[in-house]
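**Q** Attaching a predicted model along with its sequence, questions to come.
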Amino acid sequence: MHEWALAEAIISSVIKVVEKEGLIEVKEVRIKVGELQQVDIDILEFALSELKTDKLKNARFVIETVKAELRCRACGHLWNFSQNKLDNGLKESVHFVPETIHAYIRCPKCGSPDFEILEGRGVLLESVKGVK
Amino acid sequence: MRALKESNSPVDPRVNVIDKRLENVKRIVAVSSGKGGVGKSLIASTLALSLVKKGFTVGLFDADFTSPSIHRILGVKKLEIKEERGILPMQIHGLKYVSIVAFSGQKALPLRGVDVSNVLIELFSATLWGSLDYLVIDMPPGIGDATLDIIRLVKRIEFLIVCTPSLLAFETVEKLLTLLRELKVPVIGVIENMKMKQVFSIKDKVAGAGFPFLGEVPFDLDVENVLGDVEALFGTAFAKKLDEIVPRIIFSQSA
Ligand SMILES: Nc1ncnc2c1ncn2[C@@H]1O[C@H](COP(=O)(O)OP(=O)(O)OP(=O)(O)O)[C@@H](O)[C@H]1O
Ligand SMILES: [Mg+2]
Ligand SMILES: [Zn+2]
C-alpha cells in the first residue's frame, strides 16, 4: 500500500500551508479520502502520526471518506463504484492508480469505458486549522 | 491574542511531494516530439540502456499511458512493481523502470486528458526513484496534457527532441521547440531518426532555429527483429549510431 507516500504528500502540503500562513501551531487537519483508491485509513493515520513535524505535534487529523461517484459520458448514467466487484489483484492496481478502472470497468448501463470520476478518487487536503 | 486561522481551499497534496521524490535525481530528460511514431520510445530505451553501460544510474519512465511501448523494447516478461512506503521501480537490465503496464497489464486503457494528468501526478508523487544520474521519460507524441503536465510538475525537466527527415514531422517539432523556448524549458537538442537517403534534411533547419542538432540515426531494418532482446539491440547500426550521440547528451548545456 502506498499510504505512506500519500501521508508524506499530506504532511508536505500542510507544511506549505503553515509556511504560507505563518502558523506557529497546527490544531486540526481535515483530509478527504476517496473510496476509489481504497486507502487503508489505519495505515494512513499511523503514517501521519509518524511523519508529523514539531508544529503538527498537537494536530488532530480528521479523515473523511468520500464515496466514489462515476458518470458515463456516453449515456449520462450515474453510479457508485462500490457496485463494481473487482478481484484483489485489480483492487491493488486501482489502489495504486485509480484511473486504471478505465481498463477494468464499464458503464453498467451502456458498456462505455468513457466515464468520469466525479468524486471520491483519492486523497485531498480539505483544510488546515492553526494558531498564528 | 492568538488568532485561530483556518485555511480551507482544498489542495491535491500529491503535487507537493514531487520535488522531494526527484531531489536526488541529477538530470531529468523527456524524450519528446511533436509527431508520433518517430522513434521516441526506441530512442528513450536505447539511450537509457546506453547510459547504464557507461556506468550511470538510470531510471526509465514510460509516460505514454495509453500506448506504452517500453516493456516490449526491454523484453519485460512480467512487470512487477513492489511497494514500500511508495512505489519501487522494477530493476531490469541495470536500470529502474516504471510503467502503467504494471497496473493495466495488456488491457486497453482509454484515458481522457484529466485522467492522464492524474496518472502522471500519482506516479510521480508515489514512485521512489532514489538517487539517479538520469531519469529518462518516454513521452507520448504532441503538446497535449502529458507534455504540459511534465513541464508544470517537474521543475528541472530538459527536453530531448526526436524528428524524422520529413517536412511533416519537422513542422510539428518546430512548434514544440517554439513552445519550449517560450516557456523557457531547456532543450538538449534534436536527433534526426530513421534517416534514409538525402531527401529532406532537418539539420540546417534545427540549427537555423537556434537549437543544437545532435546527429542522425539511420533507418535500420534490423530493429524490428531485436525488439525485446537488448543485447541484440546494441548490435544494430541504430544503437551504434545513437551511442555516438549519447556523449553529446551527457555533456550538453541545454539551450
Ligand atoms: N531508426 C529506426 N530504424 C528502423 N525502425 C525504427 C527506427 N526508429 C524507430 N523504429 C521503429 O519505428 C516504430 C516507431 O518507433 P517508436 O514506437 O519508438 O516511436 P514513438 O515515437 O515512440 O511512437 P509513438 O508516438 O506512438 O509513441 C517502431 O516500430 C520502431 O521499432
Ligand atoms: Mg512511443
Ligand atoms: Zn453509459
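**A** Right, received. Where do you want to start? Ligands and ions are numbered 1, 2, ... in the order given.
**Q** Below-threshold pLDDT in the stretch 151-255 of chain B: ranges please.
**A** B:254-255 (pLDDT under 70).
**Q** That one: helices as residue ranges?
**A** Applying DSSP state H, counting those that start in this stretch to the stretch 151-255 of chain B gives helices spanning B:167-182, B:203-208, B:223-226, B:230-234, B:237-250.
**Q** what would the ones you listed look like in CSV with mean neighbour count and distance to ligand 1?
**A** (Glycine included, C-beta is placed from N, CA and C.) Formatted as CSV, these follow (neighbours: other CB atoms under 10 Å in any protein chain shown; distance: least, CB to the nearest ligand atom, whole Å):
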stretch, mean neighbour count, distance to ligand 1
helix B:167-182, 17, 10
helix B:203-208, 14, 16
helix B:223-226, 14, 4
helix B:230-234, 17, 10
helix B:237-250, 18, 5
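**Q** Please convert the ones you listed to TSV, extending it with distance to A:Asp40.
**A** Below are the helices of the stretch 151-255 of chain B laid out as TSV (distance: least, CB to CB, whole Å):
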stretch	distance to A:Asp40
helix B:167-182	41
helix B:203-208	51
helix B:223-226	44
helix B:230-234	38
helix B:237-250	42
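**Q** Share the number of residues neighbouring B:Thr147, please.
**A** Look at B:Thr147: counted by other CB atoms under 10 Å in any protein chain shown, it has 23 neighbours.
**Q** That one should be in a helix, yeah?
**A** Yes - applying DSSP: H, G, I helix; E, B strand; the rest coil, one finds B:Thr147 inside a helix.
**Q** Quick check: residues of the stretch 151-255 of chain B near ligand 3?
**A** Counting by CB under 5 Å from the ion, no residue of the stretch 151-255 of chain B lies close to ligand 3.
**Q** Quick check: the residue of the stretch 151-255 of chain B nearest chain A.
**A** At 12.8 Å from chain A, B:Leu153 is the closest residue in the stretch 151-255 of chain B, using CB to the nearest CB.
**Q** Can you check which helix is longest in chain A?
**A** helix A:3-21 (DSSP state H).
**Q** chain center to that one: distance?
**A** When C-alpha coordinates are averaged (CA atoms, centre = their mean, to the nearest Å), helix A:3-21 and its chain have centres 14 Å apart.
**Q** Contact partners for the residue in the stretch 1-150 of chain B that ligand 3 sits nearest to?
**A** Nearest residue of the stretch 1-150 of chain B to ligand 3 (CB to the ion) works out as B:Pro110 at 13.5 Å. Residues near B:Pro110 by CB atoms under 8 Å, 6 or more residues apart in numbering or on different chains: A:His102, A:Pro113, A:Asp114, B:Thr66.
**Q** Show me which of those residues is closest to ligand 1.
**A** The closest of the contacts of B:Pro110 to ligand 1 turns out to be B:Thr66 (CB to the nearest ligand atom; 9.7 Å).
**Q** Hmm, the closest one is touching B:Arg112, no?
**A** No - with contact defined as CB atoms under 8 Å, B:Thr66 does not reach B:Arg112; the gap is 10.0 Å.
**Q** hang on, the earlier thing: any idea which of the contacts of B:Pro110 has the most stuff around it?
**A** For those, neighbours were counted using other CB under 10 Å, and A:His102 has the most, 22 neighbours in all.
**Q** That one: what secondary structure?
**A** Put simply, A:His102 is helix when judged by three-state DSSP.
**Q** Now do the contacts for it.
**A** A:Pro113, A:Phe115, B:Leu109, B:Pro110, B:Leu111, B:Asp115.
**Q** so the residue of the stretch 1-150 of chain B closest to ligand 3 is in which element?
**A** For B:Pro110, there is no helix or strand it lies in under DSSP states H and E.
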